[in-house]
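Peer 1: Build me a model:
(chains A and B)
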Amino acid sequence: AQSVSQHNHHVILSEAASLELGCNYSYGGTVNLFWYVQYPGQHLQLLLKYFSGDPLVKGIKGFEAEFIKSKFSFNLRKPSVQWSDTAEYFCAVILYGQNFVFGPGTRLSVLP
Amino acid sequence: DAGVIQSPRHEVTEMGQEVTLRCKPISGHNSLFWYRQTMMRGLELLIYFNNNVPIDDSGMPEDRFSAKMPNASFSTLKIQPSEPRDSAVYFCASSVPGQGEIGEQFFGPGTRLTVL
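Peer 2: The predicted structure is shown next:
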């Protein structure tokens, strides 16, 4: 079955620490990849997306993600997190002709 | 653009009552999605419409759930009768495929449903 996995359920970091959240998917075909963020009490917002081209994608708020096709991965990174980055992060994949499949989410807590 | 609009934002009801959630997609978007989010199961796709036609409702949990999209600017998700296990946040999202790419989804603010 097609699936999206996220390595960590809950990540706790101090401010200024570097962040990497893992995302792996199980599809073998062409995919479009997304990272969404959900701040406490809010709806999902798009952080960044990859459709084609440069596998290193830059998004909003200093986030970036790298698509590694051979590893079926799309990890999210940020060199220095802030308290305001506390949120839940969802990786999502669309296989052409099908629907979004969301990962289970990773909760990030940034300690001031 | 106002984005995806959902109403109500919060709904508290008693078990057995009918609940209707509403969604207005972004103008021009031709796909609409209903999701449910719970702590236990995360985000689940319930149903999606393309050009007002239900395409895949395999995620609808049971017959108590139904969804309609009578026109391009309005959709409803109805639960009848509601049960406490239906308590969740229900998100509506809309998208329009871009040229040569699958469209990203834009999410509404969600409806937080509590069934007592």
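Peer 1: and the worst-scoring helix or strand of chain A on mean pLDDT, what does it pack onto?
Peer 2: Every helix and strand of chain A was ranked by mean pLDDT, DSSP states H and E. The lowest is strand A:100-102, at a mean of 81. With contacts taken as 3 or more C-beta pairs under 8 Å, 6 or more residues apart in numbering or on different chains; DSSP states H and E, strand A:100-102 sits against strand A:87-95, strand B:42-50. C-beta: built from backbone N, CA, C; applies to glycine.
Peer 1: Can you lay out these as JSON lines showing distance to residue A:25, mean neighbour count and mean pLDDT?
Peer 2: What follows is the helices and strands packed on strand A:100-102, written out as JSON lines (distance: least, C-beta to C-beta, whole Å; neighbours: other C-beta atoms under 10 Å in any protein chain shown; pLDDT from 0 to 100):
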{"stretch": "strand A:87-95", "distance to residue A:25": "5", "mean neighbour count": "23", "mean pLDDT": "89"}
{"stretch": "strand B:42-50", "distance to residue A:25": "15", "mean neighbour count": "20", "mean pLDDT": "86"}
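Peer 1: With distance to residue A:79 as extra columns, can I get the ones you listed in a markdown table?
Peer 2: Below are those laid out as a markdown table (distance: least, C-beta to C-beta, whole Å):
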| stretch | distance to residue A:79 |
| --- | --- |
| strand A:87-95 | 16 |
| strand B:42-50 | 28 |
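Peer 1: quick one: which of those strands is nearest residue B:12?
Peer 2: Of all these, strand B:42-50 sits nearest to residue B:12, with 20.6 Å by C-beta to C-beta.
Peer 1: Can you give me the neighbour number for residue B:39?
Peer 2: For residue B:39, the count of nearby residues is 7 (other C-beta atoms under 10 Å in any protein chain shown).
Peer 1: same thing with residue A:21?
Peer 2: Neighbours of residue A:21 (other C-beta under 10 Å): 23.
Peer 1: interface residues of chain B facing chain A?
Peer 2: Chain B comes close to chain A at residues B:33, B:42-43, B:45, B:48, B:56, B:91, B:93, B:101-102, B:104-110, as judged by C-beta under 8 Å from any C-beta of the partner chain.
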